[in-house]
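A.B. asks: sharing a sequence plus its predicted fold:
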Amino acid sequence: MGASLRLAAAVVATLTLALAATAPAFERSGDRKVLVFAGRQEVPTIDPSVKYDWSIRMAQQSLYDALVKYVGNPPQIVPWLAERWESTPDAKTWTFHLVKNARFHNGDPVTAEAVRFSFARTLKLNQGPAWMLSDFLKEDGIKVLDDSTIQFNLSQPYAPFLSFLPWWYVMNGKQVLASEQGGDLGQKWLTTNAAGSGPFKIKRWEQGVLYELEAVDNYWKGWPSKDHVGGVIYKIVREAGAQRAALLRGEADIVEGLSTDDFDQVAKMPGIVVPNFPGMTTFGIKMNTQKGPTKDPNFRKAVCYAFDYDALVKIYNGHAVLETSPFPNATRGHVAVPGIYRQDLAKAKEFLAKSASPNGGVELEYVYVQGLEEERKLGLVLIDNLQKLNITVKMVPLIWPNMVARGSKPDTSPDMMAVFTTPVSTDPDAVAYQYHKNSWGKYYGSSFYANDDVWALIDRARTTPRWEERAPLYAEIQKRIAADAPEIFGMLMNRRWAMRDHVKGFQFSPVRFTGEVDLYPLAIVAK
Amino acid sequence: MLGYVARRLALLGLMLFGLLCITFAISHVVPGDPARLAAGPDATASMVETIRAEYGLDQPLSVQFWRYVRGIASGDLGRSLRTRETVGSDLLRYFPNTFELVTGAMLIAVGLGVPLGILAAVYRDTWVDHLTRVVSVSGVAIPAFWLGLMLQLLLALDWGLLPLGGRLGLMQAPPAPITRLLVVDALLRGQWATVADAFAHALLPMVTLCFPALASILRVNRAEMIETLRQDYIVNARAQGISDVRIVGRYALKNAMVPTLAMIGLRYGWMLGGTVLVETVFDWPGIGLYAVSSAVSSDFQPIMGVTLLLGLNFMLANFLVDLAYGWLDPRTREAGAA
């Protein structure tokens, strides 16, 4: 299906652009203006304790509130259900004071007990966001001091604690437990129902087809604009060609996930705008540091110096910036590593000469996601670049589950694997930990990077409370990882959406996942 | 005849069990860790183990297989890691959509294919025959997804006559389920606007899907009609001065339709399992899309559930065809008994 379908879609794309007509877009439900978001990904569950990805989190963020929220670019953590907070100097005890006027959709007040229940539920189920805090927070460490004060006592200092809280949504415990089936802590019910206090509530939930949210009129936090959307329909449109057609025909107000060329083309259409922002998603080519020719650091450095980095930006038509460190630019504590790898054939040959394969003569396997055109093109760039070192490259497209399986063990992990990674928080620990031994087996740990000193630094940095002490540690971590060259540090692709120009209030924050939009500030201003 | 039916039913049961074994084996030898994928990219080892235990994936394969067989015997097809629902309830949600799509497509294919086949046979080697040949060759040669995209482009985007995709308009609420067949439910509840909207949304995917079947029906029916029209009893009827319309409609069509009907039955079973591309292009929420979404998530229980359902459909279609042959031709029953 893949290649030929995409080819046909490309033909349609070209033709549709010629045929495109302006259209009114957005739907009306009574006096409400309903925004239509055409996305390719389903929302199989909205249970905040169970799972998250970009489409799931977009729904969760709309239906639920958290103690704090990420807003803006660069991302800032702002008070939300918590109006203020304080922590002890050792970063072990965190106390949050809740706003008094927050209400769940059923009218119940949002209390400290609801916060306790929500955190305890996520920890108990041990799914979804549980990994962010489970090493440091136990159920008995959560204390309700009074109706509007909650305290978290961590088992050891954990400086990034606050940076993960925007993704820990608060549920109405009474509602959840009333819907419990067979001791499932409401899992079955919360798959397609919400017990939140967010700016939207569920109106329709047609699994696999569309999801309709309705704005809460008396949302406790208020609305940022009088023209705020009255509702949102998230419609699943699985083909990029159909997404684009829906946008041009006025059947969708926002689409995500178009190809680089398509975004460039629709940006020129009247009535359509394409926000374009540097994101936090890194693209790297992970090299297996545990076996094969790439086990040799000098060989890896040779590969890093042979690679044409400018090609990365060209493939994205200039809508990308090169990485200057293993950490994305928007990560706190990011430093531009001096002498980060750029194409230099003389240096590449110099390092190759020091390696176990001084004359090349080896074949490397490059594994990438089947159907991702950009990754395929990068494979061709690799073939061309490494040919100069007498290294051949075998391109192997795999579907994502098979890639994850290959990258889960050092013995099966390919020599080179193309990987996009989006950190879940702006704290440097979220990226640094990808290079920790505990990340071996995860897709972003497929290089099986090993450096005891770096691991010790990572452990120390995450438990050091004061930023002034943490910052130099992360600077050192970035330099050391770069020096070990476990991957070709690639680029940060820009995030883009295509939307009708009557959609206003779009706020970009790079910490959100690809495709994810904060629906709360959106407004529709019809001409 | 009863013995023949019993033998066929026993064979059907064996085939179903064989299919079950094969799908289970294939699902469990392909690479991929469904628990890890379900737990998410950042999940710790303990989180992955939680999922593995919850879904019984930590058990030996023999235990998993026994549980699966036992579950199927009691109507439980397992749970989807991706949707978190039982496979049975997922199939109940998606299969009626595919059933409606395929049935509608088949009705169009039969409604056009049979008359065109007759016309092609009666006006053999004339421009009518040549025109139907273009239709039948195109039906076989044009890939469904390409045809779907072209129809979308022309009829939906350019001329704006029909919707691009989906099952219903954005603001159109589906009727409360009775049979779970959307059009039937809308009819039963008297929601005429929904019926019209559903038809408008169904037209392009049905036309796209019916095209290959239409081509086959047309060609088979044409060939059978030509063969039948050469028979002595037809020549005799002509000699008696019976009109061509009566000869074709009354005497020739019945005989020519037997192989065509058998082909329609098999084609219907095949179409039920071949809707993936059309469902993808038109965002039709059927089992084809469900199966693909499950496959890319290494979610095995739904894949096995869909395979069993489609396998069962196909076997039932074959079974009915066998019965029809047995009824029409006693020699088949005797051969089976020997």
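C.D. replies: Yep, it's here.
A.B. asks: now do the buried residues in the longest helix along chain B.
C.D. replies: In chain B, taking DSSP state H as the definition, the longest helix is helix B:192-229. By 16 or more other C-beta atoms under 10 Å in any protein chain shown, the buried positions in helix B:192-229 come out as B:194-195, B:197-198, B:201-226, B:228-229. From N, CA and C alone the C-beta is placed, and that goes for glycine too.
A.B. asks: now swap in stretch A:338-357 and tell me
C.D. replies: A:340-341, A:347-349, A:351-352, A:355, A:357.
A.B. asks: list the contacts for residue 127?
C.D. replies: I'll assume chain A. Residue A:127 makes contact with A:49-51, B:39-40, B:43, B:47, B:50-51, according to C-beta atoms under 8 Å, 6 or more residues apart in numbering or on different chains.
A.B. asks: okay, those in a markdown table with secondary structure and distance to residue B:145 next?
C.D. replies: Formatted as a markdown table, the contacts of residue A:127 follow (DSSP: H, G, I helix; E, B strand; the rest coil; distance: C-beta to C-beta, whole Å):
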| residue | secondary structure | distance to residue B:145 |
| --- | --- | --- |
| A:49 | coil | 39 |
| A:50 | coil | 34 |
| A:51 | coil | 31 |
| B:39 | helix | 33 |
| B:40 | coil | 31 |
| B:43 | coil | 35 |
| B:47 | helix | 38 |
| B:50 | helix | 39 |
| B:51 | helix | 34 |
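A.B. asks: which of those residues lies closest to residue A:114?
C.D. replies: residue A:49 (13.3 Å; C-beta to C-beta).
A.B. asks: against chain B, how distant is the residue lying farthest from the centre of chain A?
C.D. replies: Centroid-distance maximum for chain A: residue A:359 at 40.2 Å, with C-alpha atoms, centre = their mean. Going from residue A:359 to chain B by C-beta to the nearest C-beta, to the nearest Å gives 34 Å.
A.B. asks: ok, now which ones touch the closest residue to that residue other than its chain neighbours?
C.D. replies: When the adjacent residues along the chain are set aside, residue A:359 lies closest to residue A:390, with 6.2 Å between them (C-beta to C-beta, 6 or more residues apart in numbering or on different chains). By C-beta under 8 Å, 6+ apart, residue A:390 lies in contact with A:359-361.
A.B. asks: sorry, back to before: just how off-centre is the longest helix of chain B within its chain?
C.D. replies: Between the centre of helix B:192-229 and the centre of its chain there are 13 Å (C-alpha atoms, centre = their mean, to the nearest Å).
A.B. asks: for it, name the packing helices and strands.
C.D. replies: Contact here means 3 or more C-beta pairs under 8 Å, 6 or more residues apart in numbering or on different chains; DSSP states H and E; on that basis helix B:192-229 packs against helix B:87-122, helix B:127-141, helix B:144-151, helix B:182-188, helix B:253-272, helix B:276-281.
A.B. asks: quick check: buried residues in the third one?
C.D. replies: For helix B:144-151, burial by neighbour count (16+ other C-beta under 10 Å) applies to B:144-151.
A.B. asks: so which of the residues you listed are also by chain A?
C.D. replies: B:145-146, B:149-150 (C-beta under 8 Å from any C-beta of the partner chain).
A.B. asks: nearest to residue A:72 among those residues?
C.D. replies: Out of these, the member with the shortest distance to residue A:72 (by C-beta to C-beta) is residue B:149, at 40.0 Å.
A.B. asks: what about residue A:270, how many residues nearby?
C.D. replies: Neighbourhood size, residue A:270 [other C-beta atoms under 10 Å in any protein chain shown]: 8.
A.B. asks: SS state for it?
C.D. replies: coil (DSSP: H, G, I helix; E, B strand; the rest coil).
A.B. asks: likewise residue A:367?
C.D. replies: Applying three-state DSSP: residue A:367 is strand.
A.B. asks: state the distance from it to residue B:278.
C.D. replies: 31 Å (C-beta to C-beta, to the nearest Å).
A.B. asks: what pLDDT, on average, does the lengthiest strand in chain A get?
C.D. replies: For chain A, the longest strand by residue count, based on DSSP state E, is strand A:487-500. For strand A:487-500, the mean pLDDT works out to 95.
A.B. asks: circling back: out of the helices and strands packed on helix B:192-229, which one sits most buried?
C.D. replies: Comparing the helices and strands packed on helix B:192-229 by mean neighbour count (mean count of other C-beta atoms under 10 Å in any protein chain shown), helix B:276-281 comes out on top with a mean of 25.
A.B. asks: which elements pack onto that one?
C.D. replies: helix A:2-19, helix B:87-122, helix B:144-151, helix B:192-229, helix B:287-295.
A.B. asks: format those as CSV; extra columns: mean pLDDT and distance to residue A:104.
C.D. replies: Formatted as CSV, the helices and strands packed on helix B:276-281 follow (pLDDT from 0 to 100; distance: least, C-beta to C-beta, whole Å):
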stretch, mean pLDDT, distance to residue A:104
helix A:2-19, 47, 43
helix B:87-122, 94, 28
helix B:144-151, 89, 44
helix B:192-229, 93, 33
helix B:287-295, 89, 32
